[in-house]
Every structure is written in C-alpha cells, then in structure tokens.
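[1] fold the following, please.
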Amino acid sequence: MTTRDKITLLTFFFASCLTAAVVTAYLQERADANVKPAELYAVVQQQLGDFRGGDFSGAYGDASRAIQARYSVEQFTAMVQAHYPGLTRVSRAEYGLVRTQGRHATLEVYLIGEDGGVMPCVYMMVREGDSWRIDGARLLQPWPPNSRMDGTML
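    The predicted structure is shown next:
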C-alpha cells in the first residue's frame, strides 16, 4: 500500500467518524426535543396514586426494568415504606424543571403532603421502548408546612 493510499484511507476513516458523530448529535437533539413533559408527569402521578392507594405492586409496575431487577415487589414495598414513607401521604404534586438527554430525563417534583409540607424530589426517568419509567428518586430537604413556593404572581 502506497503512502497516498494510506492517507486516503485515513482521511476516509476520519470523515466517516465525523459524519457519524454529527448524525448522532442531530438524532440525540431531535429525540430530546420530542420528549413531552406531560408523559413524564403522568408516570409520576400514576405511581403517586398507587402509593396513596396502598397499591405497591401497581407502583412497582411504573419502575424501570433496572429497579425491578434489583428489587422484588416485596423488597420494593419495604424500601419505599422505610426510606420514602411520605410518598404514601402526598396530596398533590407540582412539577418543575425537566431535563432530558436521550432516553434519560430528570424531573423536579414538589410533593405536597396532607399537612401542607413540601418535599422537593428529583425523579430520574428512563425511556424503555415507547414509555417512560421511574429509574429512581432522591428526596431533598423538606420544607416546613404551608411554605410558599416562589413563582410568578398573577
């Protein structure tokens, strides 16, 4: 193989890699743009409703395959009751910022309890097939009951 053939082959290889990177970035951006926050909200609302109703197996169904591989329904129930007991007493949820990256999303959720207390939470979501599933949740420092959430006054 001549030096010229090697340079041509190397140039073709780098051009192919660059094209693949540009196409991947474009498709990633399009996938992010197609995420409808309402789809994410619906999954969280469904799971919260299941928790309120004591239907832990229904709530387990909204969890990702990774969570379901890690926990049985009984282990999931015990984990929620031990580490997230407030989820069974949420009267409503307010939604904040949604960030997406490909098939992953994070969603800020403000869980308002029956006593008016606010539990800020970050949900990690994953797209599995054509639906979104909950891949984890991290509770943040709770706010005192009846705290005012900042926002736009109308």
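[2] what is the least confident helix or strand in this structure?
    Every helix and strand of the chain was ranked by mean pLDDT, DSSP states H and E. The lowest is helix 3-33, at a mean of 65.
[3] what's downstream of that one, the next helix or strand?
    Under the assignment DSSP states H and E, the closest C-terminal helix or strand after helix 3-33 is helix 37-52.
[4] quick one: mean pLDDT for that next one?
    Along helix 37-52, the predicted local confidence has a mean pLDDT of 95.
[5] that helix: which residues count as buried?
    Within helix 37-52, the residues that qualify as buried are 40-41, 43-45, 47-48, 50-51, counting by 16 or more other Cβ atoms under 10 Å. From N, CA and C alone the C-beta is placed, and that goes for glycine too.
[6] kindly report the same for stretch 56-65.
    Within stretch 56-65, the residues that qualify as buried are 56, 59-60, 62-64, counting by 16+ other Cβ under 10 Å.
[7] which of those residues lies closest to Leu9?
    Of all the buried residues of stretch 56-65, the one with the least separation from Leu9 (Cβ to Cβ) is Ser64, at 43.0 Å.
[8] domain-wise, how is this protein divided?
    Taking automatic domain parsing as the criterion, the chain consists of the domains 1-33, 35-139.
[9] circling back: of the buried residues of helix 37-52, which is the nearest to Val90?
    Of all those, Val90 sits closest to Leu48, with 5.4 Å by Cβ to Cβ.
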